[in-house]
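In: Have a look at this prediction, sequence included:
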Amino acid sequence: MIPVHVAIIMDGNGRWAKKKSLPRTFGHRQGVKTVKKIVKAANSLGIKVLTLYAFSTENWKRPENEIKALMVLLKYFLSKEIDELSREGVKLRILGDLSKFSKDIKIEIDKACKRTCNNTGLELNIALNYGARQEILQAFEEMLKQGIKKPTEATLSSFLYTAGQPDPDLLIRTSGEFRISNFLLWQIAYSEIYIVDKLWPDFTAQDLENAIKNFENRQRRFGGIVLEKQ
Ligand code: FPP
């Protein structure tokens, strides 16, 4: 069966640019093109939720010019590219603490989410200033505020940025690194992990299909055992 929710750690933009002797920001620019291609492919394949890790809580440590370039690209994506994706039925949700973003980015986020909120196609989550530990902490703060003293797993899930969405079935990481990087720690408890050597700007719709084929051949047991047919 095709995964309902696919999450991707888009890694390798910098290395892609370096290999071509270009500034790192060129890698991010190419990375946005890949984002658009993969969102469209996921939507056509019938994936219900796609979560992309675009900017982590730790990414603020990068040089100022790189952060600036990422913000420009983000604004471009939210103001320009989202229209076409919206026409295809994509519904946008942002995961993360948005308080650190500038006013103009917050306005674009708000506009893009409102523009797509009635769409019924792919639910596209973009993780921005996202960190899973921060996400879990803010969930606990909110539960305490609401006087919830004995949360269940379902209660906690309902206070995460992904509230109401199923957990990822498949987690893909590009550029060959075997790390989770503080991404969706709670939600990936039973996700299948697929690491691909390609750098994110080189990742194609075919690569996504390969990951899905690989996923379809896995036996998911969720901690149980697979019973042999009698
Ligand atoms: C990892 O590559 C990539 C990022 C930290 C940013 C991902 C951002 C984009 C694909 C573009 C912005 C996205 C949207 C949705 C507008 P890296 O820079 O860590 O690469 P490296 O590990 O090779 O240095």
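Out: Right, received. Where do you want to start?

In: what's the following helix or strand after the lowest-mean-pLDDT helix or strand in the chain?
Out: Ranking every helix and strand in the chain by mean pLDDT, DSSP states H and E puts helix 82-87 at the bottom, with a mean of 95. Tracing the chain C-terminally past helix 82-87 and defining elements by DSSP states H and E, one meets strand 91-95 next.

In: Would you mind listing the outside residues contacting that next one?
Out: 51, 82, 85-86, 109, 112-113, 116-128, 130, 135, 161-162 (CB atoms under 8 Å, 6 or more residues apart in numbering). C-beta: built from backbone N, CA, C; applies to glycine.

In: Filter those residues down to the buried ones.
Out: Listed as buried from the contacts of strand 91-95 are 51, 82, 85-86, 109, 112, 116, 119, 121-128, 130, 135, 161-162; burial here means 16 or more other CB atoms under 10 Å.

In: Keep those, but drop any that are not near the ligand.
Out: Within the set of the buried ones among the contacts of strand 91-95, contact with the ligand (CB under 6 Å from any ligand atom) is found for residue 126.

In: Mind checking which of the buried ones among the contacts of strand 91-95 land in strands?
Out: Members of those lying in strands (criterion: DSSP state E): 51, 123-128, 130.

In: Run through the residues that contact the residue nearest to residue 104 when sequence neighbours are not counted.
Out: In space, and not counting its chain neighbours, residue 104 is closest to residue 75: 6.9 Å by CB to CB, 6 or more residues apart in numbering. Contacts for residue 75 (CB under 8 Å, 6+ apart) come out as 104-105, 108.
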